[in-house]
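**Q** got a predicted model here, sequence first, then my questions.
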Amino acid sequence: MNNEKTTEGIIAAATQPVSLEARPGTFPEIERQVLQHRAIEAIIWGMPAVNRDLMYQAMLRETKALDNQMLYWSRLLDWKTQTLTPNTDVIYFTPYFDTKDVGPVVLEIPPADDGAIVGTIMDAWQMPLEDIGPAGADQGKGGKYLILPPSYSEQVPEGYIVLPSLTYRGYALIRSILRSGSDADLAKAVEYGKRMKIYPLSQAQDPPPTVYVDRGEALYDATIQYDIRFFESLNRLVQYEPWLERDRTMIDKLRMIGIEKGKLFAPDAEMVKVLNDAAAQAHAFLDGTYKEVVRGGSFAKGSRWSFPKSIGLVFKASQAQFADPNMYPVDARGLLFSFIFFTPKRMGEGQFYLMAIDDKEGQTLDGGKTYRLNVPANAPVRQYWSATLYDRTTHALIREMPHAGRSSQSPGLQINADGSVDLYFGPKVPLGKESNWTPTDPNGEFEILFRFYGPLPSLFDKTWVLPDVERVK
């Protein structure tokens, strides 16, 4: 009996969250290091879900939109939309869905007749359930996508594109593509996007009108917060969503730092300090890794433009919901979602991206200097290309700038006699080049994302190559 009590006592003690004050004098520095390591692991592992939650919280806070409604931007994005590397040349629609109380949710997509969309439906981990639009499952014909709750077992009616989800919550990132940069085509893109509908399957016989909520003009800040707020966001996920089998190893690690399903997350002052320190270390690690993989992922031989292999690995693994038991690139996934949001189901069909943080000479892009990018003629796109600038520190749009990029659809864009286009980036507009110029913050570094919408084979077989960014001296 005494042995049984002793064993029970050991088990009880082992299942309680570790406290820095619980055992004063018992290897406190080792304990602190272990807790910090657990916290760093939690940040890297939880990055995609926290990334999505921060956008969701910004929606609730700034727009008053709710689940299963259609949040949208009625104008092109400006710097007040502080998300990670967004596109400033499309109209965004981002319906956030929740199937926990209402059951399966329907997202209706219109056919690509008077417009076209590029988008993806994702779960709470931003893992793709399916692409939509011409490059998606409906192939531009339009369709009804049916998002199922976890472990849903009821019979599904015919006529739907069925998407089983491992989480209750998720969202769709949808871009309504402009035919040109004119005000008229912008308005058409908005109206086309507003033909989409979202409603519970239980109301499919007589769907209620979809509620559209315009994002408005207030600051919409969803940048990653590397402090205690990251863990508060992660706790929201743990409390709401089911544990996934692939992530069960994290249950105990999170419990050590005070995050446990069904229990209040209430770290004391000492634990908050540990978590804040760990978040700062995680940020430094991710930033250093980001520079390394971008600089090591040349898309074409010798090019400073990059599509890192680790990013391709995440896309490949996530497209199958990490079903391969021998591959779970958590570190690469954490890095990826520290500077972007959304994962496509079919990379390279609807869109493709190249990024640069250095100029042709290998020097970091400096907001205090002026640069030129020559975009050769016959760019390999069916729709359009764009070059957008972001703050290197936050990966969001550079604050207080009048615009963030230029595209092949920008009104007044100057085109050279050979069909190429010269773009300029810098703190001051070069003489006579305002329509081709994007401003920078002279007090910071920046990065460039070059987008190809409707990419063509010549991009991938390298018969068309984007030159490096050159400093104008």
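**A** Here it is on my side, so go on. The model shown is predicted, which means the values in this text are computed figures rather than measured ones. Numbers count the residues shown, from 1 in each chain.
**Q** only C-alpha atoms for contact and neighbour calcs from this point on.
**A** Fine.
**Q** any low-confidence regions in the stretch 51-200 of the chain?
**A** Nowhere does the stretch 51-200 of the chain drop to pLDDT under 70.
**Q** what segments of it are strands?
**A** Here the stretch 51-200 of the chain has its strands, by DSSP state E, counting those that start in this stretch, at 70-72, 81-82, 91-93, 96-98, 105-109, 117-123, 128-132, 143-148, 161-164, 169-176, 197-200.
**Q** next one: phi and psi at Thr388?
**A** Per-residue torsions, Thr388: phi -120, psi 140 (degrees, to the nearest 10).
**Q** quick one on the thing from earlier: can I get the strands of the stretch 51-200 of the chain in CSV with distance to Lys253 and mean neighbour count?
**A** Written out in CSV, the entries for the strands of the stretch 51-200 of the chain read as follows (distance: least, CA to CA, whole Å; neighbours: other CA atoms under 10 Å):
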stretch, distance to Lys253, mean neighbour count
strand 70-72, 35, 23
strand 81-82, 31, 23
strand 91-93, 36, 26
strand 96-98, 27, 26
strand 105-109, 33, 23
strand 117-123, 23, 26
strand 128-132, 26, 25
strand 143-148, 30, 23
strand 161-164, 28, 17
strand 169-176, 23, 24
strand 197-200, 36, 23
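**Q** how about TSV for those, with distance to Ala379 added?
**A** Converted to TSV, the strands of the stretch 51-200 of the chain look like this (distance: least, CA to CA, whole Å):
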stretch	distance to Ala379
strand 70-72	30
strand 81-82	28
strand 91-93	22
strand 96-98	34
strand 105-109	29
strand 117-123	19
strand 128-132	24
strand 143-148	31
strand 161-164	34
strand 169-176	21
strand 197-200	34
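**Q** for these, which one sits closest to Lys261?
**A** The closest of the strands of the stretch 51-200 of the chain to Lys261 is strand 169-176. By CA to CA, the value is 16.7 Å.
**Q** and that closest one, how far out from the chain middle?
**A** 11 Å (CA atoms, centre = their mean, to the nearest Å).
**Q** quick one: contacts of that strand?
**A** 90-100, 115-126, 189-190, 192-193, 241, 342 (CA atoms under 8 Å, 6 or more residues apart in numbering).
**Q** just the C-alphas of stretch 34-43, formatted as CSV.
**A** The C-alpha coordinates for stretch 34-43 follow below in CSV (Å, rounded to 0.1, in the frame of the first residue of the first chain):
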residue,chain,number,x,y,z
VAL,A,34,14.1,23.9,-20.3
LEU,A,35,11.1,26.2,-20.1
GLN,A,36,12.6,28.6,-22.6
HIS,A,37,13.4,25.8,-25.0
ARG,A,38,9.8,24.5,-24.7
ALA,A,39,8.5,28.0,-25.4
ILE,A,40,10.7,28.4,-28.4
GLU,A,41,9.5,25.1,-29.8
ALA,A,42,5.9,26.2,-29.1
ILE,A,43,6.4,29.3,-31.2
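**Q** flag every buried residue along that stretch.
**A** For stretch 34-43, a neighbour-count test (16 or more other CA atoms under 10 Å) marks Leu35, Gln36, His37, Arg38, Ala39, Ile40, Glu41, Ala42, Ile43 as buried.
**Q** could these be laid out in JSON lines, adding pLDDT, secondary structure and distance to Lys273?
**A** Converted to JSON lines, the buried residues of stretch 34-43 look like this (pLDDT from 0 to 100; DSSP: H, G, I helix; E, B strand; the rest coil; distance: CA to CA, whole Å):
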{"residue": "Leu35", "pLDDT": "95", "secondary structure": "helix", "distance to Lys273": "11"}
{"residue": "Gln36", "pLDDT": "95", "secondary structure": "helix", "distance to Lys273": "10"}
{"residue": "His37", "pLDDT": "96", "secondary structure": "helix", "distance to Lys273": "14"}
{"residue": "Arg38", "pLDDT": "97", "secondary structure": "helix", "distance to Lys273": "14"}
{"residue": "Ala39", "pLDDT": "98", "secondary structure": "helix", "distance to Lys273": "12"}
{"residue": "Ile40", "pLDDT": "98", "secondary structure": "helix", "distance to Lys273": "13"}
{"residue": "Glu41", "pLDDT": "98", "secondary structure": "helix", "distance to Lys273": "17"}
{"residue": "Ala42", "pLDDT": "98", "secondary structure": "helix", "distance to Lys273": "16"}
{"residue": "Ile43", "pLDDT": "98", "secondary structure": "helix", "distance to Lys273": "15"}
